[in-house]
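# Structure here, sequence nowhere to be found:
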């Protein structure tokens, strides 16, 4: 089976179909047999490779714990509620561990010694994490079950020699998402997309670059087949439809935020956005950021009010290793971006000061009603900012805001926002919001000017 069969089967059948992936041909050389050969080129070494298929496993694939901390889950729920209040839908699409594509005995033969890693245990923990999202009202298809329970999908969901899914894996994932949404009464769109052909593409991903370095080869020689989808030109010929339909002005659409799985190397090389459009029958805007942190893509989108007003679904693609790293800190940065900016008013407090790599106070007199901090730092649009919040019960929490330059400049937020409230504190209690803030930017070498505002997002 190959990708052409997959897409043809999908187009001809309304029933669920199995998917096959692009038949990528990975690099291979004798030096790859040494797991330690990769240490010079990657902090994910050792690499373990099946010498027959070229299938790669690294430290990233050996995660076992996927449970979000309670404080992180509470903020994710707040983000979901914020989007639902705008009559939108939030869904997470989480590519699972590559280890799920292997049987335990095959996996063990790839390791120099029997590994203390149980694929079944990791799989069970992943599924429980997905089920926990669903129990808390967040849509997320269980791609672990889909990969694990179908041998054709299992063999072809991922590229053999790289860390990403294949185009077929993306198509499988977003078809599963569309099915989940429909099962829960979420209407899909009515825009038809046609499969018009295939092309051969190359993706120089993280694993590919390392393998090419070990083999002293050109990673662009790794090619795989990807489908080409185009919006159908078919139009209604009914006069009433033409006169009264709102299809030309309908703002409903889907936004895809995510990582290099959605936008690798600045292009949608795995056809993630196209597969999402094909599956949901909506127009898709792809905000994916290859090489960005887990916050980069979704934060840049949430800051753009005009984009949010035109969105009916927000689909967040997040690989399993980035999902498990979601924290109170990263989600407070993301949720802060979803809240309205601080504007002058009776509950807004302002402070002007310099920011440098030493801890300094943000001079506010009591922040009991304030749960949103907004920073304007004209000379610092990327980097790391640390904020230590002290609450009325003397507990402290250090937030770390992160941005890198992978976000396109025209989409890069002009301010920094952070949700300050303790998600586990009783609502409207004295201990919910901080009474003291300290701030620093550890990587700054010279001070920069900063204007800070704190306000209540509830007003």
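In hand now; what should we look at? All figures in this text were calculated on a predicted structure; none of them were measured in a lab. Numbering: from 1, shown residues only.

# how about the nearest residue to residue 103, chain neighbours excluded?
Distances taken as CB to CB, 6 or more residues apart in numbering put residue 119 closest to residue 103, at 7.8 Å, once the chain neighbours are dropped. Quick note: C-beta positions are derived from backbone N, CA and C, even for glycine.

# pretty sure that neighbour contacts residue 107?
Yes - using CB atoms under 8 Å, residue 119 is in contact with residue 107, at 6.1 Å.

# Give me the common contacts of the two.
Contact criterion CB atoms under 8 Å, 6 or more residues apart in numbering; residues shared by residue 119 and residue 107: residue 99.

# Could you report the distance from the residue nearest to residue 405 when sequence neighbours are not counted to residue 439?
Nearest non-adjacent residue to residue 405, counting by CB to CB, 6+ apart: residue 382, 5.1 Å away. Between residue 382 and residue 439 the distance, using CB to CB, to the nearest Å, works out to 16 Å.

# Next: residue 455.
17 Å.

# how much space is there between residue 323 and residue 261?
Distance from residue 323 to residue 261, by CB to CB: 12 Å.

# Next, count neighbours for the closest residue to residue 336 other than its chain neighbours.
Spatially, and ignoring its direct neighbours in sequence, residue 336 is nearest to residue 417 (3.6 Å; CB to CB, 6+ apart). Residue 417 sits with 27 neighbouring residues when counted by other CB atoms under 10 Å.

# What of residue 223?
Residue 223 has 14 neighbouring residues, counting by other CB under 10 Å.

# Check residue 383 too.
When counting by other CB under 10 Å, one arrives at 16 neighbours for residue 383.

# swap in residue 311?
21.

# And for residue 129?
21.

# can you offset everything so residue one is 171?
Okay, residue one is now 171; in that scheme the one you just asked about reads as residue 299.

# quick one, phi/psi of it?
Reported as degrees, to the nearest 10, the phi and psi values for residue 299 are phi -60, psi -40.

# That one and residue 427, how far apart?
Taking CB to CB, one finds residue 299 at 20 Å from residue 427.

# Please identify which of residue 552 and residue 609 sits among more neighbours.
More crowded of residue 552 and residue 609, by other CB under 10 Å: residue 609, with 24 against 12.

# Which element, helix or strand, includes that one?
strand 604-610 (DSSP states H and E).

# Off-centre distance for that strand?
Distance of strand 604-610 from the chain centroid (CA atoms, centre = their mean, to the nearest Å) equals 29 Å.

# show me the contacts for residue 216.
Taking CB under 8 Å, 6+ apart, we find residue 216 in contact with 205-206, 208-209, 228-229.

# Can I get the buried part of the residues you listed as one PyMOL selection?
The PyMOL command for the buried members of those (criterion: 16 or more other CB atoms under 10 Å) is given here:
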select buried, resi 205+208+228
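
# Let me see the contact set for the nearest residue to residue 582 once chain neighbours are set aside.
Closest residue to residue 582 apart from its sequence neighbours, by CB to CB, 6+ apart: residue 551 at 5.7 Å. Contacts for residue 551 (CB under 8 Å, 6+ apart) come out as 573, 582-584.

# Any chance of a ChimeraX selection covering the buried ones in those?
Remark: buried members of the contacts of residue 551, expressed as a ChimeraX selection using 16+ other CB under 10 Å:
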select :573,582,583
